[in-house]
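J.: what shape does this take:
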Amino acid sequence: MSPLTLLAQSATAAGNADVIPIDVIWEQIVSLSWLQALIAVSFGAVYLMYGWRIFKVLVVISFGLMGLFLGIYFGDFFGSKLWSGIIGLCLLGAVSIPLMRWAVSLLGAIAGGIITGGIWYAFELPEKYILAGAIIGLVAGGMISFIVFRVAIMLFTSLAGGILIVTGMLSLLYHYENAQSPPTANIQDLVFNSHWFLPVMMIFATALGIILQNNFVKNSSSYKV
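T.: I've put the predicted structure just below:
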């Protein structure tokens, strides 16, 4: 799950609900089976440690998924969600290839916005102004991404990996709690009642990914576009 995909799913499913669609995020967690959760953790670990090696593929996938969701969203205006989704997927995925550097910088900016929005939520600041906090991170992430291309790659791949790992781990813990007798709901309580929980998990995983990737690629030339 990429940052663009997370934004698209949240925006589509949340509608006019709360600014932070915790119920949508929780649905993503509980909808995974044991096997799907393990796969999410495994792919997240690859993103987290080796995203810099496959960042071009990840960028194309991220923009393709974004095009898919946008196509489905605007499909009602064109009479076919299916074809609009397919066209959006192919169009944005194709556009991201020749504009790879710009696409990576945009993903880095979005990652910065997600992180600062998460910090805003963690400190329980007014949710109706959370967009202001996200815009600060969006601008900062975009500026850093244009100045240091390597940072943009590490930032968005680490965030994407962190999201996958956190979602998979929470899903595994949810299934474990449901298997107890009697079942418990500690994970659900943390997600819904502790504002700091999800942002801290996400930021910790992202920071870990940045540190690992930076150590792995100090002398690498794989960032050339």
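
J.: use CA for all of it now, contacts and neighbours both
T.: OK.

J.: in the chain, which spans are helices?
T.: 3-14, 22-30, 34-50, 55-73, 75-78, 81-96, 100-122, 130-147, 149-178, 186-193, 197-216 (DSSP state H).

J.: can you redo the ones you listed as a markdown table with mean neighbour count?
T.: Listed next are the helices of the chain as a markdown table, based on neighbours: other C-alpha atoms under 10 Å:
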| stretch | mean neighbour count |
| --- | --- |
| helix 3-14 | 18 |
| helix 22-30 | 16 |
| helix 34-50 | 21 |
| helix 55-73 | 22 |
| helix 75-78 | 12 |
| helix 81-96 | 18 |
| helix 100-122 | 24 |
| helix 130-147 | 19 |
| helix 149-178 | 25 |
| helix 186-193 | 13 |
| helix 197-216 | 19 |
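
J.: dump those to CSV, plus mean pLDDT.
T.: CSV is the format used below for the helices of the chain (pLDDT from 0 to 100):
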stretch, mean pLDDT
helix 3-14, 46
helix 22-30, 91
helix 34-50, 93
helix 55-73, 90
helix 75-78, 75
helix 81-96, 89
helix 100-122, 91
helix 130-147, 86
helix 149-178, 93
helix 186-193, 94
helix 197-216, 92
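
J.: contacts for stretch 89-98?
T.: With contacts defined as C-alpha atoms under 8 Å, 6 or more residues apart in numbering, stretch 89-98 is touched by 56, 59-68, 71, 103.

J.: from these, which single one is nearest Lys128?
T.: Met66 (24.7 Å; C-alpha to C-alpha).

J.: tell me how far that closest one lies from Val60.
T.: 10 Å (C-alpha to C-alpha, to the nearest Å).

J.: kindly report the same for Met202.
T.: Counting by C-alpha to C-alpha, the separation of Met202 from Val60 is 23 Å.

J.: quick one, what contacts the closest residue to Ala45 other than its chain neighbours?
T.: The shortest distance from Ala45 to any non-neighbouring residue, by C-alpha to C-alpha, 6 or more residues apart in numbering, is to Gly161 (6.2 Å). Applying C-alpha under 8 Å, 6+ apart to Gly161 gives the contacts Met1, Phe43, Gly44, Ala45, Val46, Tyr47, Leu48, Ala205, Thr206, Gly209.

J.: gap between Gly161 and Gln188?
T.: 22 Å.

J.: same question for Ala40.
T.: The spacing between Ala40 and Gln188, counted by C-alpha to C-alpha, is 19 Å.

J.: again with Phe77
T.: For Phe77 relative to Gln188 (C-alpha to C-alpha), the value is 38 Å.

J.: tell me which residues touch Leu82, please.
T.: Counted by C-alpha under 8 Å, 6+ apart, Leu82 has contacts Ile72, Gly75.

J.: should've said Met169
T.: Taking C-alpha under 8 Å, 6+ apart, one finds Ala37, Leu38, Val41 in contact with Met169.

J.: show me what contacts the second one?
T.: Going by C-alpha under 8 Å, 6+ apart, Leu38 touches Gly168, Met169, Leu172.

J.: that older thread, need the contacts of Gly161 in a markdown table with distance to Ala140, can you?
T.: As requested, the contacts of Gly161 are exported to a markdown table (distance: C-alpha to C-alpha, whole Å):
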| residue | distance to Ala140 |
| --- | --- |
| Met1 | 23 |
| Phe43 | 28 |
| Gly44 | 25 |
| Ala45 | 26 |
| Val46 | 26 |
| Tyr47 | 23 |
| Leu48 | 22 |
| Ala205 | 20 |
| Thr206 | 16 |
| Gly209 | 19 |
